[in-house]
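**Student:** Return a 3D structure for these sequence lines:
(chains A and B)
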Amino acid sequence: MSAGPAVEVRGLIKNFGDVRALDGLDLTVDAGSVAGFLGPNGAGKSTTLRILLGLLRADGGTARLLGGDPWADAVALHRRLAYVPGDVALWPTLTGGEVIDLLGRLRGRADARRRDELLERFDLDPTRKTRAYSKGNRQKVALVAALAADVDLLVLDEPTSGLDPLKEEVFTECIGEARAAGRSVLLSSHVLSEVEKLCDTVTIIRNGRTVESGTLTELRHLTRSTVTADVAADPSGLAALPGVHDLSRDGHRVRFQVDNAHLDTVVAALATLGLDSLVCTPPSLEQLFLQHYGDALPVPDAVGAR
Amino acid sequence: MSAATTLPAPVPAPLPARVSAGAGQLTGTGVLLRAALRRNRRRLVTWVLALGGITVYAAVALGAVYPTAADRQARAAVMETPAGILLSGPGFGTDDYTLGAMIANELGLTVLVAVSIMSISLVVRQTRAEEESGNAELLLAAAVGRRAPLASALALMAIADVAVAVVITAGLAGAGLAAVDAAALAVGFALTGAVFGAVAAVTAQLFVQARAASGSALAVLGAAVLVRGVGDVLHHSGSPLSWLSPIAWAQQTRAFVDLRWEPLGLSVALAAVLAALALRLSARRDVGAGLLTPRRGPAAASGWLAGPVALLARLQRGTVAGWTAAMLLLGLTFGSLTDSVTDMIAGNPRLATVFGGEGAGLTDSFTAAAGLYYGLCAAAFTVGSVLRLRGEETAGRLELLLAGGVDRRRVLGAGLAVACAAAVLLLLVAGLGGGLAAAAVSGRAGAVPDQLGTALVQLPAVLLLGALTAVLVAAVPRRSGLAWVAVCWVALLGMFGPLLQLPGWAARLSPFGWLPRVPAVDVDVAPLAVLLLVAAALGAVALLAFRRRDLSG
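**Tutor:** Here you go, the predicted model:
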């Protein structure tokens, strides 16, 4: 495997007619790490992934994938990666098992034992024609094919959007195994908690531009929970605790934000105050965007207009 | 929650009785019908005008090609051969073959089949296809009755069938034929369409997939055509076997010969029974489910399913099998007609113009003309086959292949290779069928190489159209449907060019115009080589262009 990052994108630009889908996007996936690619719907996540796969051609900027050029070296690179599209379309007259085998053979390395094990873990019936599958089951077909492949990089476009919580858990384990095996993973999502659970680094994009990127620790300020509690005693001492922000009180009710890293000390302190009720909510991506980038980022102008 | 145990529970207001009584299953039919008419207006206008236009055109053209009673009697003799009966009707009025009798007998079958196909496709589009796409779920969640989607589909089909009947009646009466007989013929067309539309309404309840629903309805139509044909061959004017087929009922009105309306009562009754059955079934089953559960398949792919060629071949195997059977039938028909047609052409100079024969070698000319039909059919298949690549792209499946480590050129090349290999197979089958049938009829073994030769000589032109389609798919994907315009163009030039006595350069605007008319003339290698070179060049352009563009949905 080549040294350096698995994916390195600098200033990527892509236009669809008058619409600028990507506007100077940056993205790095370090070799052997799991990178989250986060943004609201329509931010340009799928467009970026499709450029990295050589399905679309960038209009500007540079993109390197496993040390190669995603457009010119597409075939050689594709043998070293596996892809799960956001909206999985399969050949309706083939069975799930046939599609998994076909995709494995195209790549040249198929591991039958691993495939059967994954089929069992994801609880997928490979004898059904794919037209009879639900969205979740079609996604499982693509996931099993990708996870069974012996590759350097996994490119996953919102891979859990059709899975139930139990299968999401299986998926989390599989990503852990991929990391342990030294694979790099690029995973797009619009669910912050999923990225927190799975990823080493996060890149957040909006309107085709990178607005934030780094390790989860570096982005800790983004993962503040909101706490609302009813307490019997005077809660004013809470404001002095580390990691507590924006405390406000209304009689016995107190509301504040807390860095997730300091949750345990804060909850312990709350317990000593005589707790009547406690609600702790993680920030949603929407909240994040409202709080951090709400008015700061203008919507990019249409290309060529004005 | 403790309050709930002590307070009396609120009594829900009773639902209006009409909702719980199971009535209202047709609620919303009118709204759905209006939406369907609006969505299908272009399709409806095209079908109706095309069917009306073909009928009127045929009336005028047959009048021009067979101006005298003697010409028509010669034609009648051909129509009384087994192959003639299979391709036309029971042969009413062949002893005094008027233009009306000719239209009813010869054009009838074509229009009956076309109207039936129209009805089947309209019904399946509005029912099973909507369920397959998930649109029906959205509709049925609104205030729409369980039977409303099917009822609106049947109403849409009825409107289309009635429109066809009106246009054909007006057209034939306008061409100077007896209006009452024209109406009987047209009503027969419409009612037969309704019968097969109702068959599709039933199959749409049985199968989960729209293609299976329309495919099985088309199979019923094919069986009806075959039963009618065999029944009529057994006995002139129809045997008891013929009467088992709805196709026969429309033909048995004896329009323009000795009109009777009674057989159409059978069509009305069968259409009504099938429609009622389908409506009952539609109210009893789950939305999205069929009455027949789909079969399971293999859990693992067989060893050969390992690349784009194998995949594309696998995806098209059903289509290719159907086309192969159709080409075999076409070959057998042309082959068995060879002798009788040659006799007929000899007595009709205008027909000789159509078949391009002058003086000797009429049989060879007819064989060469059959070859053109084989070639046009193979071209239509090849264009459709190459266009499947675009279908794979819009469905989002192409990106699975490309992201799986397959070179774009390999995918396009695989699409071309599968299409071309199947085209060779189709031409071989047609030529072999034609040759064997001609040899059986004439006792001349040389008919086999003649027919095979005329079929295979079409290949360069077929490949050129396939490569042109590949260029469209690769360079202007959103306009790739234009390939069908090319197919219509070469078909029109090929079939009507000689009749219109177009100059030679005009015929050469089609690749088929450059082909040597084997076996009427010797094989000339030069034009075949040029066509192959052009096809290869187009193929190379397609491969280059496909590498350079974005994938699009």
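**Student:** Give me the contact list for stretch A:233-244.
**Tutor:** Residues from elsewhere that reach stretch A:233-244 (C-beta atoms under 8 Å, 6 or more residues apart in numbering or on different chains): A:229, A:247, A:249, A:254, A:256-259, A:261-263, A:265-266, A:269-270, A:272-274. Using the backbone N, CA and C atoms, a C-beta is placed for each residue, glycine as well.
**Student:** Pull up the residues of the stretch 151-300 of chain A that are close to chain B.
**Tutor:** By C-beta under 8 Å from any C-beta of the partner chain, the part of the stretch 151-300 of chain A that sits against chain B consists of residue A:155.
**Student:** Where does the closest residue to chain B within the stretch 151-300 of chain A sit: helix, strand or coil?
**Tutor:** Residue of the stretch 151-300 of chain A nearest chain B, by C-beta to the nearest C-beta: residue A:155 (7.8 Å). Secondary structure state of residue A:155, per DSSP: H, G, I helix; E, B strand; the rest coil, is strand.
**Student:** so where's the chain shaky on pLDDT?
**Tutor:** All of this refers to chain A. For chain A, the stretches with pLDDT under 70 are A:1-3, A:220-222, A:284-287, A:289-306.
**Student:** should've been chain B
**Tutor:** Ranges of chain B meeting pLDDT under 70: B:1-23, B:83, B:293-294, B:344, B:347-360, B:498-501, B:553.
**Student:** tell me the domain ranges of it?
**Tutor:** Annotated domains of chain B cover B:40-135+B:157-288, B:304-553 [automatic domain parsing].
**Student:** Enumerate every residue touching the closest residue to residue A:7 other than its chain neighbours.
**Tutor:** Closest residue in space to residue A:7, ignoring its immediate chain neighbours: residue A:29 at 3.9 Å, by C-beta to C-beta, 6 or more residues apart in numbering or on different chains. When contacts are counted by C-beta under 8 Å, 6+ apart, residue A:29 touches A:5-8, A:35, A:153, A:184-186, A:201.
**Student:** mind putting the residues you listed in CSV, neighbour count and secondary structure included?
**Tutor:** As requested, the contacts of residue A:29 are arranged in CSV below (neighbours: other C-beta atoms under 10 Å in any protein chain shown; DSSP: H, G, I helix; E, B strand; the rest coil):
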residue, neighbour count, secondary structure
A:5, 19, coil
A:6, 27, coil
A:7, 24, strand
A:8, 17, strand
A:35, 25, strand
A:153, 22, strand
A:184, 24, strand
A:185, 23, strand
A:186, 26, strand
A:201, 21, strand
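**Student:** Distance to chain A and mean neighbour count added to the domains of chain B, as TSV?
**Tutor:** Putting the domains of chain B into TSV (distance: least, C-beta to the nearest C-beta, whole Å; neighbours: other C-beta atoms under 10 Å in any protein chain shown) gives the following:
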stretch	distance to chain A	mean neighbour count
domain B:40-135+B:157-288	6	20
domain B:304-553	4	19
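**Student:** Include distance to residue A:69 when you put the ones you listed into JSON lines, please.
**Tutor:** Converted to JSON lines, the domains of chain B look like this (distance: least, C-beta to C-beta, whole Å):
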{"stretch": "domain B:40-135+B:157-288", "distance to residue A:69": "38"}
{"stretch": "domain B:304-553", "distance to residue A:69": "14"}
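**Student:** Give me the number of neighbouring residues for the residue nearest to residue A:213 when sequence neighbours are not counted.
**Tutor:** Nearest residue to residue A:213, sequence neighbours excluded (C-beta to C-beta, 6+ apart): residue A:203, at 4.1 Å. Using other C-beta atoms under 10 Å in any protein chain shown, the number of residues around residue A:203 comes to 27.
**Student:** So residue A:203 sits against residue A:33, correct?
**Tutor:** No. Using C-beta atoms under 8 Å as the test, residue A:203 is too far from residue A:33 to be in contact (11.8 Å).
**Student:** dump the residue contacts of residue B:426.
**Tutor:** B:320, B:323-324, B:327, B:374, B:377-378, B:381 are the contacts of residue B:426 under C-beta under 8 Å, 6+ apart.
**Student:** and the residues you listed, which two are the farthest apart?
**Tutor:** Greatest spacing in the contacts of residue B:426, by C-beta to C-beta: B:320 and B:374 (15.5 Å).
**Student:** returning to that earlier point: mind checking what secondary structure the residue nearest to residue A:213 has?
**Tutor:** Going by three-state DSSP: residue A:203 is strand.
**Student:** What is the neighbour count of residue A:91?
**Tutor:** 20.
**Student:** That one against residue B:315, yeah?
**Tutor:** Yes. With contact defined as C-beta under 8 Å, residue A:91 reaches residue B:315; the gap is 6.2 Å.
**Student:** residues contacting residue 175?
**Tutor:** Unless you meant another one, I'm taking chain A. A:34, A:185, A:187, A:198 are the contacts of residue A:175 under C-beta under 8 Å, 6+ apart.
**Student:** not quite, I wanted chain B
**Tutor:** Contacts of residue B:175 by C-beta under 8 Å, 6+ apart are B:56, B:59-60, B:63.
**Student:** do residue B:440 as well
**Tutor:** By C-beta under 8 Å, 6+ apart, the residues touching residue B:440 are B:335-336.
**Student:** from the middle of its chain, how far away would the helix or strand hosting residue B:212 be?
**Tutor:** Assigned by DSSP states H and E, residue B:212 falls within helix B:210-234. In this view, helix B:210-234 has its centroid 13 Å away from the chain centroid, taken as C-alpha atoms, centre = their mean, to the nearest Å.
**Student:** Quick check: phi and psi on the nearest residue to residue B:266 once chain neighbours are set aside?
**Tutor:** Closest residue to residue B:266 apart from its sequence neighbours, by C-beta to C-beta, 6+ apart: residue B:249 at 4.8 Å. In terms of degrees, to the nearest 10, the main-chain angles of residue B:249 are phi -60, psi -40.
**Student:** same deal with the one 5 residues further on?
**Tutor:** Residue B:254 has phi and psi values of phi 50, psi 40 when expressed as degrees, to the nearest 10.
**Student:** quick one: contacts for it?
**Tutor:** B:92-93, B:104, B:260.
**Student:** now do 10 Å
**Tutor:** By C-beta atoms under 10 Å, 6 or more residues apart in numbering or on different chains, the contact list for residue B:254 reads B:89-90, B:92-93, B:101, B:104-105, B:181, B:184, B:237, B:260, B:263.
**Student:** So residue B:69 is in contact with residue B:102, correct?
**Tutor:** No. Assessed by C-beta atoms under 10 Å, residue B:69 is found out of contact with residue B:102, at 11.0 Å.
**Student:** Overlap in contacts, these two.
**Tutor:** Listed as contacting both residue B:69 and residue B:102 by C-beta under 10 Å, 6+ apart are residue B:76.
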